[in-house]
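Asks: got a predicted model here, sequence first, then my questions.
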Amino acid sequence: MAVQPVRIYADTSVYGGVFDEEFAKPSRRFFDRVREGRFVLVVSPLVEDELRKAPPDVLAWFERFRSGAQGVTVSAEALALRQAYLGAGIVTPKSRDDALHVALATVADCAMIVSWNFRHIVHFQKVPLYNAVNILHRRVALEIRSPLEVIEDEE
């Protein structure tokens, strides 16, 4: 029986992580899993906009995966969910783009969002808060993980 690939929203930090000494190995292994068909990437205009400001090698890496990715739009529903996260005090307005990444992954019905952002997204105090807001808005809880947690490292 074939296993269905997991739909994953990778925020901008995961693409940049490929070229960061600290995060390169697990980031590359994450993208190996995408190539193997274990994960289907979901991308948003927010990721695309943020990557336009990234170094050329990061943007080129993203472009390698863009054609096989599924898209999500910045809908009124995603913006309302972002506002709910802000209203709940999960993050401040200064981090509204981080909240939008989580909202976009949620409304796109992704199984999870992966990020290296340990301050505003993959944070032990914030994850249950994001999911509490999701449930209040009749959404399912979203797995919020770092790439290191999803690569099934064989070593």
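Replies: Noted; the coordinates are in hand. Residues are numbered from 1 along each chain as shown.

Asks: from here on, just use CA atoms for contacts and neighbour counts.
Replies: Will do.

Asks: so what pLDDT did Glu152 get?
Replies: For Glu152, the pLDDT comes out at 76.

Asks: what ranges does the chain have for its helices?
Replies: In the chain, the helices defined using DSSP state H lie at 12-17, 24-35, 45-52, 56-66, 76-87, 96-107, 126-136.

Asks: so which of those helices comes closest to Val150?
Replies: helix 24-35 (7.3 Å; CA to CA).

Asks: now the closest one: how far from the chain's centre is it?
Replies: 14 Å (CA atoms, centre = their mean, to the nearest Å).

Asks: what of stretch 22-29?
Replies: 15 Å.

Asks: quick one: mean pLDDT for it?
Replies: Mean pLDDT, computed over stretch 22-29, is 97.

Asks: just the buried residues of that stretch, please?
Replies: Neighbour-count burial for stretch 22-29 flags 23-24, 26-29 (criterion: 16 or more other CA atoms under 10 Å).

Asks: now swap in stretch 89-105 and tell me
Replies: For stretch 89-105, by 16+ other CA under 10 Å, it's 90-91, 96-105.

Asks: and what of stretch 69-76?
Replies: Quick answer for stretch 69-76 (16+ other CA under 10 Å): 69, 72, 74.

Asks: over to stretch 7-23?
Replies: Neighbour-count burial for stretch 7-23, counted by 16+ other CA under 10 Å, picks out 7-19, 23.

Asks: got it, and stretch 42-62?
Replies: 42-44, 46-48, 51, 58-59, 62.

Asks: how far out from the middle of the chain is it?
Replies: Once both centres are worked out by CA atoms, centre = their mean, stretch 42-62 turns out to sit 13 Å from its chain's centre.

Asks: now do the end-to-end distance for that stretch.
Replies: Using CA to CA, to the nearest Å, one end of stretch 42-62 lies 12 Å from the other.

Asks: could you shift the numbering so residue one becomes 37, and keep it that way?
Replies: I'll keep to 37 as the first residue from here, and by that count the last item is stretch 78-98.

Asks: who's in contact with that stretch?
Replies: Taking contacts as CA atoms under 8 Å, 6 or more residues apart in numbering, the residues outside stretch 78-98 that touch it are 43-48, 51-52, 54-55, 102, 105-110, 133, 137, 140-141, 146.
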